[in-house]
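Peer 1: heads up, no residue letters with this:
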């Protein structure tokens, strides 16, 4: 951790494609600037690596800003990889405790691939999703970046999402474990937005009316908006519409050509003012009668948050994250995406009720205040501090809070996913074949074993992590869960017919003591089933992803008996003869032994023992 201004703070690097001042600021840059300034205000050591826009380093509002000027290469693939390497080099130069980067364009892929600091990937809108929305499928030339974005996210220490919608969609499409993705809403600097909104709008732009703000492209619903405006402005001749945003040039300009054809009958009351600096755009929004955001799908537009801060009522779509911010009829209105008739009807209806517009605008402002940067940053700092713990040896607090982000056996990106599933299937099959048991699952986490077994047996799940137990309750509402320490089980002697402890013992310092405690709560002749990780490290070799494909890290892991460098001192692997000695000393006898892993060296041994 860095020490800044007499306060212990986190040294944080944020990666962004742009940063103020700049001609263009998208959602990623707006979020980065908002968070960076608040972190700096709290005396954290903050740097922003800007991936394009000219080389140089400056200090801006307490934030160190390193701007890069990526080199042009005739080979686009090589150019992208070199740019990612330069971002990694710039980031490492700050020796950060934590790095946050967007998935879009995979700027931190090199860092994720070859290491340097714990990385949090914050989901904006991945290229594959943009392609689907704008082009109906993958665009030519995006195959590499789509792959790099996915790899960056899967190799990150944590994944952050501003909405449940993007978390669920990307988890499903990329094969990520949904529980690994932390959802923290996008923050908004309420005071700064209101200050900017109070400024003067450009003199040549009419005030009031219907305002749209965003890129002029298909995914933002510009096609739908054109058809809706033709109806609304045709019926309400005193109204006008203002569109703020850059023409994305889709279909060689065809998207905007269709828009102008659709609004031809009311063209004299449609003003497309192009992309404007924030200090000019927000005064226009602040004076709107209503703001319209008809996106086909949206993670969550900053434009929506800012409009709500300015007490402007918003009509948006039931697509993506809008529904997580807007309560239909209370803080705004939602219409089906892609439905021009529904959009036109909603706009027309609301514009005829000015008193209700004002009421909904006030409620919207109150809702947006809940996402002020000060309150949201509290949650971000908590996440940063948890993830930063992976830089050094973990203490025991990691198991109470935050361990779930490291344990994701069902994630397709986990190198041992198939082994986890084979081990789980073996144990479940044997236990489900038995007659009804009173069974204790120790260190059972979120219920991978206890949940399915509870359908046949009387199962109690014990874990030290409140987060894990909360997830278990969500997955299996009727499961009996208990918070407790595996080293001091809160149960009487001989309480259970069978005791299960999988993926647990490598995390406990004394194997024999742990086995004695498991045996204590098992009835005589009861089963005690557990696994250990093999300290003969040859099983590591077929899994280069486990060590990040890095030779030095592979060597250090092999020398530590298969334990990754950052987990040394916290994780203990055992050779089979050591486990047999501990089993005998604990008063257990081995009934069955099963290995899981490569044929030449098991990674895990599952021990089926009986209490003597």
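Peer 2: Arrived safely. Since the structure is predicted, the reported quantities are computational estimates derived from the model, not experimental observations.

Peer 1: what comes up buried for the helix or strand where residue 165 lies?
Peer 2: Assigned by DSSP states H and E, residue 165 falls within helix 164-174. By neighbour count on 16 or more other C-beta atoms under 10 Å, the buried set for helix 164-174 is 164, 165, 166, 167, 169, 170, 171, 174. Every residue, glycine included, has its C-beta placed from N, CA and C.

Peer 1: Output the contacting helices and strands for that helix.
Peer 2: Here helix 164-174 touches helix 127-135, helix 143-155, strand 158-161, strand 181-183, helix 322-325, going by 3 or more C-beta pairs under 8 Å, 6 or more residues apart in numbering; DSSP states H and E.

Peer 1: possible to save those as a markdown table with mean pLDDT?
Peer 2: Output for these, formatted as a markdown table (pLDDT from 0 to 100):
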| stretch | mean pLDDT |
| --- | --- |
| helix 127-135 | 88 |
| helix 143-155 | 92 |
| strand 158-161 | 94 |
| strand 181-183 | 93 |
| helix 322-325 | 94 |
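
Peer 1: which one of these lies closest to residue 195?
Peer 2: For the helices and strands packed on helix 164-174, distance to residue 195 was read as C-beta to C-beta. The smallest value, 21.9 Å, belongs to helix 322-325.

Peer 1: Which of the residues in the closest one are classified as buried?
Peer 2: Neighbour counts over helix 322-325 (16+ other C-beta under 10 Å) mark 322, 323, 325 as buried.

Peer 1: can you pull the contacts of the second one?
Peer 2: In this case it means residue 323. The neighbours of residue 323, taking C-beta atoms under 8 Å, 6 or more residues apart in numbering as the test, are 165, 334.

Peer 1: List the buried residues of stretch 44-63.
Peer 2: By neighbour count with 16+ other C-beta under 10 Å, stretch 44-63 contains the buried residues 44, 45, 46, 47, 48, 49, 50, 51, 53, 62, 63.

Peer 1: So what would you say the end-to-end distance of it is?
Peer 2: 9 Å (C-alpha to C-alpha, to the nearest Å).

Peer 1: any idea of the mean pLDDT in that stretch?
Peer 2: Regarding stretch 44-63, the rounded mean pLDDT is 92.

Peer 1: now swap in stretch 578-589 and tell me
Peer 2: Mean pLDDT, computed over stretch 578-589, is 96.

Peer 1: quick one on the thing from earlier: just the angle between the helix holding residue 165 and helix 127-135, please?
Peer 2: Comparing the axes of helix 164-174 and helix 127-135 via axes from the mean of the first three to the mean of the last three C-alpha atoms, to 10 degrees yields an angle of 100 degrees.

Peer 1: centre of the chain versus helix 164-174, how much separation?
Peer 2: Taking C-alpha atoms, centre = their mean, to the nearest Å, one finds helix 164-174 lying 9 Å from the centre of the chain it belongs to.

Peer 1: same deal with stretch 48-59?
Peer 2: Taking C-alpha atoms, centre = their mean, one finds stretch 48-59 lying 25 Å from the centre of the chain it belongs to.

Peer 1: got it, and stretch 136-143?
Peer 2: With C-alpha atoms, centre = their mean as the basis, stretch 136-143 stands 24 Å off its chain's centre.

Peer 1: Also stretch 464-474?
Peer 2: Centroid displacement of stretch 464-474 relative to its chain, using C-alpha atoms, centre = their mean, is 19 Å.

Peer 1: about what we covered before: closest to residue 401 among the buried residues of helix 164-174?
Peer 2: Residue 401 lies nearest to residue 167 out of those, by C-beta to C-beta, at 19.7 Å.

Peer 1: Need the nearest residue in space to the closest one, chain neighbours excluded.
Peer 2: residue 161 (3.8 Å; C-beta to C-beta, 6 or more residues apart in numbering).

Peer 1: Enumerate every residue touching that neighbour.
Peer 2: 122, 123, 167, 170, 181, 182, 183, 184, 299.

Peer 1: redo that, cut-off 6 Å
Peer 2: Shown in contact with residue 161 (C-beta atoms under 6 Å, 6 or more residues apart in numbering): 123, 167, 181, 183.

Peer 1: TSV for those, including distance to residue 256?
Peer 2: Shown next, in TSV, are the contacts of residue 161 (distance: C-beta to C-beta, whole Å):
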residue	distance to residue 256
123	29
167	33
181	36
183	35
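
Peer 1: Compare these and tell me which has the most neighbours.
Peer 2: residue 123 (26 neighbours; other C-beta atoms under 10 Å).

Peer 1: Tell me how many other residues crowd the closest residue to residue 327 other than its chain neighbours.
Peer 2: Counting by C-beta to C-beta, 6+ apart, residue 367 is the residue found nearest to residue 327 once chain neighbours are left out, at 7.6 Å. Residue 367: 18 surrounding residues under other C-beta under 10 Å.

Peer 1: which residues in the stretch 1-150 of the chain form helices?
Peer 2: Counting by DSSP state H, counting those that start in this stretch, the stretch 1-150 of the chain has helices at residues 27-41, 76-92, 109-114, 127-135, 143-155.

Peer 1: Out of those helices, which is closest to residue 574?
Peer 2: The nearest among the helices of the stretch 1-150 of the chain, by C-beta to C-beta, is helix 143-155 at 28.4 Å.

Peer 1: Can you name every helix or strand that that closest one contacts?
Peer 2: Packing partners of helix 143-155 (3 or more C-beta pairs under 6 Å, 6 or more residues apart in numbering; DSSP states H and E): helix 109-114, helix 127-135.

Peer 1: Contact partners for the nearest residue to residue 186 once chain neighbours are set aside?
Peer 2: Nearest non-adjacent residue to residue 186, counting by C-beta to C-beta, 6+ apart: residue 162, 4.3 Å away. Neighbouring residues of residue 162 by C-beta under 6 Å, 6+ apart: 185, 186, 300.
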